[in-house]
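Asks: Sequence first, then the predicted structure:
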Amino acid sequence: GARGTWPLRWHPVVGALFLLVATTAVCIALANALKVGKFTLFGLAMMAVMVSLVYSILVERPVQGVYRFVAACLVLAMAYAVTSPGGGGESGRATGTMGDPNEWATIVLLVSPAVLGGLAHDTHLVARPLRLAVLVLAPMAILRSESRSALLVGLLLLPGWIYLLRARRKELILTAGLALVVVPALVDLDDALARTRVLVARLQGQAGPSDASLQERGELLRQGLQLFRDHWLFGAGPGRFARATGFVSQVGTLRPAHNTYLEVAGEQGILGLGALLVLGVTVVRTLWTAYTGSTDPTDRARVLGA
């Protein structure tokens, strides 16, 4: 830009991100936890700067090509996770590009509707195969991850995906037909749903096979809540959840929280949870303002996907 101009554009979401960074720094300082907390702090700071830069770069530029590029990257990653032996993970659960099946399933859930919203009204030659590929591969990637929470959230979001592409009825019908053929061929549904059946049985109060993951999650929740009670204002310090709870898994390693809200509550207390709430509310208000203020169906589909 011109000499003396500020390189970043201001936006409420950017402000909320930097508030999150600031509260994290305060909690680190109060807990004297720079050694372990610096990774959380630097990660959040880099994310805030990248969001600011991307917003500054794209705000006055056409973004349709960006949606196609991101969709292509997502399709390649999901295809790898679905077709590779064990899904790319050592446990037999698909980990995609993340190394962890739950994180991978989360990425699929976050990015898929965003790119579908960007491609919903795209008439380019590559748009249709990208839409079809995302619609077919996303459920398969989640099934191969065997993430129970991702499967539940995916089912809840499915009507929204259909509404997003309501003008593409033929593609939705074609996707359903392809899924009936491709999914059983590439995904062992018995294995993919085994962990979910155990969870459903537990919720129904039925006796079933022991599930170490569910037992560990329950104990992590109990100890995480106790950590929050003990350090409710500023937390035990960012990055300290595993050591502060001291919970050791069956494989002999300290376990992370497996729950972002629980982790923030234990590590940053009310201060951190407040900043996280501000970020969430700011994002939702921004999207709602953009959706209600737009008359362009392309823009509305992008916002709805986000």
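Replies: Perfect, thanks for sending it.

Asks: How much space separates residue 233 from residue 30?
Replies: Distance of residue 233 to residue 30, given as Cβ to Cβ, to the nearest Å: 9 Å. For glycine as for every other residue, the C-beta is placed from the backbone atoms N, C-alpha and C.

Asks: Comparing these two, which shows the higher neighbour count?
Replies: Neighbours per residue (other Cβ atoms under 10 Å) separate residue 233 from residue 30, with residue 30 holding more: 16 against 10.

Asks: Can you tell me the element the more buried one falls in?
Replies: Using DSSP states H and E, residue 30 sits within helix 12-31.

Asks: And for that helix, what's in contact with it?
Replies: Under the criterion Cβ atoms under 8 Å, 6 or more residues apart in numbering, residues 8, 33-34, 37-38, 40-41, 44-45, 47-48, 51-52, 55, 234-238, 240, 267-269, 271-272, 274-276, 278-279, 282-283, 285-286 lie in contact with helix 12-31.

Asks: Checking the residue nearest the centre of the chain next. Helix, strand or coil?
Replies: Per Cα atoms, centre = their mean, the C-alpha nearest to the average position across the chain is that of residue 106, at 3.7 Å. Secondary structure, DSSP: H, G, I helix; E, B strand; the rest coil: residue 106 is helix.

Asks: Cross-check the contact I'm expecting between it and residue 150.
Replies: Yes: contact between residue 106 and residue 150 holds when scored by Cβ atoms under 8 Å: they sit 6.6 Å apart.

Asks: where do the helices sit along the stretch 1-150 of the chain?
Replies: In the stretch 1-150 of the chain, the segments counted as helices under DSSP state H, counting those that start in this stretch are 12-31, 34-58, 64-83, 101-119, 127-145, 148-164.

Asks: Mind telling me which of those the model trusts least?
Replies: Lowest mean pLDDT within the helices of the stretch 1-150 of the chain: helix 34-58, a mean of 87.

Asks: Now do that helix: everything it contacts.
Replies: Residues external to helix 34-58 that are found in contact with it (Cβ under 8 Å, 6+ apart): 7-9, 11, 13-14, 17-18, 20-21, 24-25, 27-28, 31, 66, 237-240, 243, 267.

Asks: any idea of the angle that helix forms with helix 12-31?
Replies: Interaxial angle of helix 34-58 relative to helix 12-31 (axes from the mean of the first three to the mean of the last three Cα atoms, to 10 degrees): 170 degrees.

Asks: and helix 34-58 with helix 64-83, angle?
Replies: Using the same axes, to 10 degrees, helix 34-58 lies at 130 degrees relative to helix 64-83.

Asks: chain center to helix 34-58, what's the gap?
Replies: Centroid separation between helix 34-58 and its chain, computed with Cα atoms, centre = their mean, to the nearest Å, is 17 Å.

Asks: For it, list every residue counted as buried.
Replies: 36-37, 40-41, 44-45, 48, 51-52, 56 (16 or more other Cβ atoms under 10 Å).

Asks: Which one of those is nearest to residue 140?
Replies: residue 51 (30.0 Å; Cβ to Cβ).

Asks: Can you list the low-confidence ranges for the stretch 151-300 of the chain?
Replies: Along the stretch 151-300 of the chain, segments meeting pLDDT under 70 span 207-211, 250-251.

Asks: Do a quick rundown of the helices in it.
Replies: Under DSSP H, counting those that start in this stretch, the stretch 151-300 of the chain gives helices at 169-186, 189-203, 212-230, 241-245, 260-293, 297-305.
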